[in-house]
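> sequence? don't have it. structure:
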């Protein structure tokens, strides 16, 4: 089905070239469609690799292999297939991935393990080897394309192309970070896997690149939720070509490490927000800030419990400042909380303090805030210093229509 | 708003009298409505008490007090207020509950701790003491009423009255168990608390009554979910008057204990199913049987993860045999599972075995099954002997309409 562009979509940004990264796209025709569906990123020799993957234990072959490749820390190429997830396809699915790796490795004269592969789309159908081979062949020799072309090509049920860029100073050297991402919640038949790729020209050792990506993920990808469901293929990879010529970042004590880590957090947050903005049926972008929890992780868990509550999400969809539902969601998170110390605000206006509704609570400005597209919910637990912010979207008829009214 | 009766509603059953239980209802007018909203159950002296309560840490005053009363194991009366949950009302809410307990205790010449109180309805507004006093006064002297009247009166946003009855032989004595329950998911402003009450004329010591209720709850109330949200006031109480004259059940070795435990499980399952059948917007009653898990508890957790998945629930709403979404939900449960050992069936017809779609899978009979009102999903994990069955309903536009389109 054709989906309308999300009302929360952002325009694709201007993105500079990244030295050491060449993007190409091609038509593998994994589905009966006329669009590019195979993306190829060629990476300079010596490119560092890091990755984070779904915690879903029923993960895909590509995720299993990716986890092993990340341990080696090096990459020369990325192939992203759109239209077929290759999930639940057993040994035949694995053979298709190995074929792609060998084909690209042969072209680049590198190791097959230097070639990362991701796939999203229909499940239960092994990636067709003949289409993959022809598609890869076409991509290897295609003209280089733009970041927006690549972002469009990795997408499946996304309603808009998602990209972000930022930069950081390492000593006297400005390094650039570009990212593209796909995902819009979980839509059958694609399961709307979130696949994100970050490319930088910075010189960064694999271990520190991994440390930066893992830390940023905790505060970004692990702090967003559309519908609480977790894909079997979720993957974010980071590639650092080193072409900027900075003194390589080895660990957090390297000069410029802080700036690079901040830039990584920035781009991951931008990308994560874009996924929420394409949440199925989303009409509102919701930021939930939790303060006063026992720890940051406790705050994050409470935030996710609120963000996953269908009752909170529907209340906000309906413009209802229903703080009782927020209290309920805090209580079910399983984290330390005390009903009589909870305070809750919408758009910065306190509706309840210390477990009681405010006597002089004026709902009018809150209702105005909730009528907008960007909703802020603040919850103070009143127990400690832990804090976290999580992001989600509202739950609307659009979600039901996308997921129930159409057959996959 | 007025809600249409759920299409999954069952007619109210014929329910016999229970010796030692007298039901009365009255109008406290907690809301601006003309209906009975206060239920009073008078219980014979010597009645045993057991209870299970919400695990939501932001629980209500009534739940806090109920937990203490259950430790004493005795009850003479139950008062249920409908229309005001008395939640998040601090000390003033507690005063109202204590007033009711004292008033009923004075009438019955018993201890205030023998009087159980439950409340559901709007939150953040202390239960008005004057209305409670007048309502209780009226209820104490009202004519006895029927089980259906009581079931109607405890309801708030329920679309049908919910009752169940069963019996068991203890030696030569037939004992009866009657139950009434309210709840339909979580609807603001009521948060649709689930409140259930089981009454029996059996003679059962409190400790064993508690053991039976706790065990039954694990397999019934803890195996249902409408939308994953957990009320701050969920409560199920069991009262045993002892008037049937059986040799008192003291523990699992008492003659007839097995039969009583089976009857308790039966009535709890009936009541739990009725709540699912009144799930907000429910069009289909879904049974999810998980086998082959590492343990029964692991099977239950996997089942609940499937039952809470918005993607599984919307797929079933749309009649879509989407086994990939079931695999995803199994994987995110955080329990032991192996993608390549999973098997999934709809209506007894296997769609996938050992992690792969069946080559000769015929979707036609599955589609027919999914077009019905009673949906069976079977998931075999392939790892052990653990099994559990959980129940839920589908996720439809009705849920969104109830929770988002109307202001509370």
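On my side now, so go ahead. From a predicted model like this one, the values you see are computed outputs, not experimental measurements.
> Next, count neighbours for residue A:328.
29 (other C-beta atoms under 10 Å in any protein chain shown). No exception for glycine: its C-beta is placed from N, CA and C like everyone else's.
> my bad, residue A:339
22.
> now it: how far from residue B:82?
Per C-beta to C-beta, to the nearest Å, residue A:339 is found 22 Å from residue B:82.
> Also residue A:182?
For residue A:182, the distance to residue B:82 - C-beta to C-beta - is 49 Å.
> Next: residue A:342.
In terms of C-beta to C-beta, residue A:342 sits 25 Å off from residue B:82.
> Comparing the two, which shows the higher neighbour count?
Between residue A:342 and residue B:82, counted using other C-beta under 10 Å, the more crowded position is residue B:82 (28 against 25).
> Next one, pLDDT for the more buried one please.
The model reports residue B:82 with a pLDDT of 95.
> Not counting stretch A:105-114 itself, show me its contacts.
A:42, A:45, A:68-69, A:72, A:74-77, A:98, A:101-102, A:115, A:140 (C-beta atoms under 8 Å, 6 or more residues apart in numbering or on different chains).
> chain center to that stretch, what's the gap?
Relative to its parent chain, stretch A:105-114 has a centroid offset of 27 Å by C-alpha atoms, centre = their mean, to the nearest Å.
> Give me the nearest residue to the residue nearest the centre of chain A, chain neighbours excluded.
When C-alpha atoms, centre = their mean is applied to chain A, the residue found nearest the centroid is residue A:272 (4.5 Å). Counting by C-beta to C-beta, 6 or more residues apart in numbering or on different chains, residue A:272 lies nearest to residue A:220, which is 4.1 Å off, once chain neighbours are set aside.
> Just after the host helix or strand of the residue nearest to the centre of chain A, pick out the following helix or strand.
Assigned by DSSP states H and E, residue A:272 belongs to helix A:257-277. Later in the chain than helix A:257-277, the nearest helix or strand by DSSP H and E is strand A:285-293.
> what's that next one packed up against?
Applying 3 or more C-beta pairs under 8 Å, 6 or more residues apart in numbering or on different chains; DSSP states H and E, we find strand A:285-293 packed against helix A:257-277, helix A:296-308, strand A:374-380, strand A:386-393.
> cutoff 6 Å now
The helices and strands touching strand A:285-293, judged by 3 or more C-beta pairs under 6 Å, 6 or more residues apart in numbering or on different chains; DSSP states H and E, are helix A:296-308, strand A:374-380, strand A:386-393.
> hmm, who's touching that strand?
A:8, A:277, A:299, A:302-303, A:306-307, A:316, A:374-384, A:386-392 (C-beta atoms under 6 Å, 6 or more residues apart in numbering or on different chains).
> Partner strands of that strand, with direction?
strand A:374-380 (parallel), strand A:386-393 (antiparallel) (DSSP bridges).
> before we move on, the earlier item: and the contacts of strand A:285-293, which of them are buried?
A:8, A:277, A:299, A:302-303, A:306-307, A:316, A:375-383, A:386-392 (16 or more other C-beta atoms under 10 Å in any protein chain shown).
> what's the spacing between the residue nearest to residue A:333 when sequence neighbours are not counted and residue A:330?
Leaving aside its sequence neighbours, residue A:333 sits nearest to residue A:305 (C-beta to C-beta, 6+ apart; 3.6 Å). Distance of residue A:305 to residue A:330, given as C-beta to C-beta: 7 Å.
> Look up which residues are beta-bridged to the nearest residue to residue A:97 once chain neighbours are set aside.
The shortest distance from residue A:97 to any non-neighbouring residue, by C-beta to C-beta, 6+ apart, is to residue A:117 (5.1 Å). Judged by DSSP bridges, the bridge partners of residue A:117 are residue A:79.
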